[in-house]
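Build the 3D model from these lines:
(one chain, ligands or ions: 2)
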Amino acid sequence: MSLTVLNLEEARELEARCANRMGLDALMRRAGAFAAEWISEHVPGGHAVVLAGPGNNGGDAIVCALELKKRGFTVELVLPGGDPKTELARTMLAEWRSRGLETLEDPYSAMKAQVVVDGLFGTGLKRPITGDYMDAVQWFNERMAYKVALDVPSGLNSETGLWVGTVPGVRADATITFLSHKSGLFMNEGADASGTVVMTELDVSIPLTRLGVIESADFAHILEPRRNFSHKGTFGHLAVVGGANGHVGAALLSARAGLKLGAGTVTVELLADNAPAVDLVQPELMFSAEPLDFEKFTAAVIGPGLGTSERAKERLRAALAASCPLVIDADALNLIAADKSLLTALLHRTVATVITPHEVEGARILHVDPKVIQADRVNAVRDIALQTGAITVLKGPGTLVAMRSSRTWLSPIGATSLATAGSGDVLSGMIGAFFAQRYDTVESVLGAVMLHARAGAGHLAGLTAGEIAPAAAWILEEERRKIRAERQPQ
Ligand SMILES: NC(=O)C1=CN([C@@H]2O[C@H](COP(=O)(O)OP(=O)(O)OC[C@H]3O[C@@H](n4cnc5c(N)ncnc54)[C@H](OP(=O)(O)O)[C@@H]3O)[C@@H](O)[C@H]2O)[C@@H](O)CC1
Ligand SMILES: [K+]
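Ligands and ions are numbered 1, 2, ... in the order given. As a prediction, the model looks like this:
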């Protein structure tokens, strides 16, 4: 089961239930203690400067400061806007003072630290940070120290991953987040500002919601070693249709990825004039000069480099009418966005169908500006899934997968190296490969998204699209070897 992500409303409901059951101070004490424990494990000993803001995020920070002291740190507690406003945070501050401990108002007067902790603002930030709090954010970002944000990097909208206002906020090396993941930690600006995300449920039982973070368990069958008693037919026959003039490479990248991730056979139909009849780098691929009969295939990918010609449209219409599982990408999505009859054909499909738009393609489908998608990626991916009836993969920083029912998954891995030409073509081929091998539809999509992200995460830059599928296949191979080794008698 995926890790739950709570939205603000759901978090508030849970907070109210916990408040009745155990008192909110119990949660704050657990949050601060967990953060201190994690910090002391990763930055042992030394000096810590802790910034505490006006709300309960500040309360978490004060508990963290108290707990760091217990663990042998020298700690300076900074309250840039003076004493906190919430009763709970004030209680924690009274505890700090009852031990004869001082506070500072100006972080610049603190000593050099090995670790700095941001407890300025959490999920309660509604307006841009200004004044002394903004100075504290800048001080934090300038430190040559290990930077830890509590719950959310201050300044970030915890749901959208955009800065509240135009001024950037805290950039952390690690974010310790409480009760559940927050979608904003993984998307837009949040994908960089959060650093490593560590989540603790604070020993509370978290209800299931419609949004989860993808975990390996979500595609466990794909990670299983494949059967020995098999032949290439067992692993299906994938069709890849695309590659109009000047864009043959897109279809080849998709087809190669399909082969590399395990489809038994892959046949490519290219729309380009004088299209090549062989891929000399991947001679295992088959090519068809004639339009493919989709009914003869176990799965199909249509779109990479397809173009928007009449012929492209015709091929898309045939693919949509076919009864094999289908991955629809790139130009095929632009065609659907511009032609209602294609959208209707998509909606009427009854077999597994996945579409893989990036922000701009998604915006075309919804007929909105891409900024609207960026401002609320979670609801945007749900809207696209609802309007198209297809499982939707919204690519980009914070890749999301949504079903028509609005069940949604978030990829926790951001990889800047994947922002490269052809990366999406590879993803479509990878999903196609799993469809061809007859894995469960949702598992196929989640598995491909995660293996694609993990392949990219191994590189900071300089990865070309053609290298993604081999890297992903290697990661899959390693996982399967691990499972096989675990099952061998010792
Ligand atoms: N949910 C849970 O169960 C648990 C929650 N926990 C923790 O609580 C955090 C949420 O706490 P929170 O609601 O008090 O919000 P938070 O982000 O600390 O700040 C809001 C305060 O800031 C103020 N303020 C806002 N903008 C401002 C600005 N620009 N400049 C200046 N002031 C500004 C605002 O005041 P107002 O808007 O009323 O003026 C309000 O006082 C959460 O992130 C987690 O860390 C944990 O203890 C575990 C259990
Ligand atoms: K914070």
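
what about the residue located most distally from the centre of the chain, distance to Ala174?
If you look at how far each residue of the chain sits from its centre, by CA atoms, centre = their mean, the farthest one is Gly100, at 44.7 Å. According to CB to CB, to the nearest Å, Gly100 and Ala174 sit 31 Å apart. (Glycine included, C-beta is placed from N, CA and C.)

And ligand 1, is the host helix or strand of Phe140 touching that?
Applying DSSP states H and E as the criterion places Phe140 in helix 131-142. Yes. Under the criterion of CB under 6 Å from any ligand atom, ligand 1 is reached by helix 131-142 at Tyr133.

can you tell me the average pLDDT over that helix?
Averaging pLDDT along helix 131-142 gives 97.

cool, stretch 274-284 as well?
Stretch 274-284 shows a mean pLDDT of 94.

what's next to that stretch, contact-wise?
The set of residues external to stretch 274-284 that reach it, using CB atoms under 8 Å, 6 or more residues apart in numbering, is 243, 248, 252, 255-256, 259, 266, 268, 270, 285, 287, 289.

which among these gets closest to ligand 2?
Nearest to ligand 2 out of those is Arg256 (CB to the ion; 43.9 Å).

So which elements touch the worst-scoring helix or strand of the chain on mean pLDDT?
Least confident helix or strand of the chain, by mean pLDDT, DSSP states H and E, is strand 3-4 with a mean of 82. On a contact count with 3 or more CB pairs under 8 Å, 6 or more residues apart in numbering; DSSP states H and E, strand 3-4 meets strand 211-213.

hmm, who's touching the strand it packs on?
Defining contact as CB under 8 Å, 6+ apart, one finds that strand 211-213 is touched by 1-7, 181, 183, 186, 218, 378, 408-412.

could you flag which of those residues are buried?
Among the contacts of strand 211-213, those classed as buried by 16 or more other CB atoms under 10 Å are 2-7, 181, 183, 186, 218, 378, 408-412.

Glu359 touches Pro370, doesn't it?
Yes. The pair Glu359 / Pro370 is scored as a contact, 4.8 Å apart, by CB atoms under 8 Å.

Please state the backbone phi and psi of the most centrally placed residue in the chain?
The centroid of the chain falls nearest to Ser411 when counting by CA atoms, centre = their mean (2.6 Å). Dihedral pair for Ser411: phi -80, psi 130, per degrees, to the nearest 10.

I figured it hits Thr399, correct?
Yes. Between Ser411 and Thr399 a contact is recorded at 4.2 Å, counting by CB under 8 Å.

Pick out the most distant pair among the buried ones among the contacts of strand 211-213.
Spatial extent of those (CB to CB) is set by the pair Asn7 and Asp218 at 20.0 Å.

Helices of the stretch 251-400 of the chain, start to end?
Remark: helices assigned in the stretch 251-400 of the chain by DSSP state H, counting those that start in this stretch are 310-321, 331-338, 340-348, 359-366, 370-375, 377-388.
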